[in-house]
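**Q** no sequence on hand, only this structure:
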């Protein structure tokens, strides 16, 4: 279900510090009290005073802009909880996170990603798949209690448990590899209808420690780009039922893609099997066999309660979403 993020229209005080002569250590008032050996020296001090003021003003403005970007996402984060997690629509209505499962991951050289017509997506980096989307959703969910640009600290155990993956060393390594991919990339997403977008990486910083000198649990650290909040503006966020996604399982990649795609539409329009094949970047070579896989995935989505019914008529997929399951009156009010 798609929900709009709150639109921040007011422009608060930019928070510049007092730049009056009394507050500036290099102000005109101070300069006139200094011994002057030459007009050149005086001009140098005056220039330093001007540059100092400009730098302080620029820093204050940049800090305020970062704070405003954090507020954009913070206006959305309270709308979801651990059971209903927000994800920008461009990520789940495109081939950004594909469904391939075999072979090594290709390196994408800044190509345009296939998507619905109202999005323009360019990506450079190692190929992303559905497991990477799950990791990203889990990490962004950890930001709900703090500002988007602040570092989040967690253990590998906490991440693997939240993902519903098997507690095994392979899962830990898989998660690390995924975070590395999410960091080492260049992404540009533009929402054409809103004339807004984002350019940057999916994760800004990543670090981990295998041991904790204090004897506690080893911690991992991730930090997001504050400007990624742009992806949560306007009517471009879908709330994914997290337990349903976990129930599907990490290996059912096509089912995961269809789950998020159909949830991103309040009343999904019919879509062709060929279009699904294109959007999800399937590695299936024949549409006939792919259609069989789509049918099995749709049956699974009905089983877990994401869809109430489906039909494939002349290679067109028709689905009806199941009623929204809310956990509280507060959630019902926010998700209307």
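**A** Good, I have the coordinates. Quick caveat, the model's predicted, so the values are computed rather than measured.

**Q** can we go C-alpha only for contacts and neighbour counts from here?
**A** OK.

**Q** residue 156 and residue 306, how far apart?
**A** Separation of residue 156 from residue 306 (CA to CA, to the nearest Å): 29 Å.

**Q** next one: residue 95
**A** Distance from residue 95 to residue 306, by CA to CA: 21 Å.

**Q** can you give me the strands in the stretch 1-150 of the chain?
**A** In the stretch 1-150 of the chain, strands defined by DSSP state E, counting those that start in this stretch lie at 2-3, 84-88, 107-113, 119-126, listed in chain order.

**Q** for residue 174, find the nearest of these.
**A** strand 119-126 (14.3 Å; CA to CA).

**Q** so what are the sheet partners of that closest one and their directions?
**A** Strand 119-126 pairs in its sheet with strand 107-113 (antiparallel), strand 185-191 (antiparallel), by DSSP bridges.

**Q** return the most buried member of those.
**A** When these are scored by mean count of other CA atoms under 10 Å, the highest mean neighbour count falls to strand 185-191 (a mean of 19).

**Q** need the contact partners of that one.
**A** For strand 185-191, contacts defined as CA atoms under 8 Å, 6 or more residues apart in numbering pick out 90, 110, 118-126, 196-202.

**Q** residue 281: neighbour count?
**A** 20 (other CA atoms under 10 Å).

**Q** I misspoke; the intended subject was residue 239.
**A** 22.

**Q** and the protein, what are its domains?
**A** According to automatic domain parsing, the chain comprises the domains 2-72, 73-334.

**Q** deepest-packed of these, please.
**A** Buried most deeply of the domains of the chain, by mean count of other CA under 10 Å, is domain 73-334, with a mean of 17.

**Q** which stretches in the stretch 151-300 of the chain count as helices?
**A** 156-163, 169-183, 242-248, 253-263, 273-279, 287-303 (DSSP state H, counting those that start in this stretch).

**Q** shaky segments in the chain?
**A** Residue ranges of the chain with pLDDT under 70: 1-49, 53-54, 57-79, 211-217, 234, 325-336.

**Q** excluding its backbone neighbours, what's nearest residue 90?
**A** residue 119 (6.4 Å; CA to CA, 6 or more residues apart in numbering).

**Q** what bridges to the one you found?
**A** residue 191.

**Q** was I right about it contacting residue 192?
**A** Yes: with contact defined as CA atoms under 8 Å, residue 119 counts as touching residue 192 (5.8 Å).

**Q** tell me how far the closest residue to residue 97 other than its chain neighbours lies from residue 103.
**A** Excluding the flanking residues, the one nearest residue 97 by CA to CA, 6+ apart is residue 129, at 4.3 Å. Residue 129 is 12 Å from residue 103, where distance means CA to CA.

**Q** ok, now residue 191?
**A** When residue 191 is compared with residue 103 (using CA to CA), they lie 32 Å apart.

**Q** and what of residue 88?
**A** 28 Å.

**Q** cool, residue 96 as well?
**A** 18 Å.

**Q** check the gap between the residue nearest to residue 274 when sequence neighbours are not counted and residue 273 for me.
**A** Sequence neighbours aside, residue 287 is the residue nearest to residue 274 in space, at 6.9 Å (criterion: CA to CA, 6+ apart). Separation of residue 287 from residue 273 (CA to CA) stands at 8 Å.

**Q** check residue 302 too.
**A** 18 Å.

**Q** also residue 263?
**A** For residue 263 relative to residue 273 (CA to CA), the value is 17 Å.

**Q** try residue 112
**A** 22 Å.

**Q** ok, now residue 315?
**A** Taking CA to CA, one finds residue 315 at 6 Å from residue 273.

**Q** intersection of neighbour lists for the two?
**A** Joint contacts of residue 315 and residue 273 (CA under 8 Å, 6+ apart) are residue 291.

**Q** need the helices of the stretch 151-300 of the chain in a markdown table with distance to residue 55, can you?
**A** Below are these laid out as a markdown table (distance: least, CA to CA, whole Å):
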| stretch | distance to residue 55 |
| --- | --- |
| helix 156-163 | 41 |
| helix 169-183 | 30 |
| helix 242-248 | 45 |
| helix 253-263 | 45 |
| helix 273-279 | 46 |
| helix 287-303 | 55 |
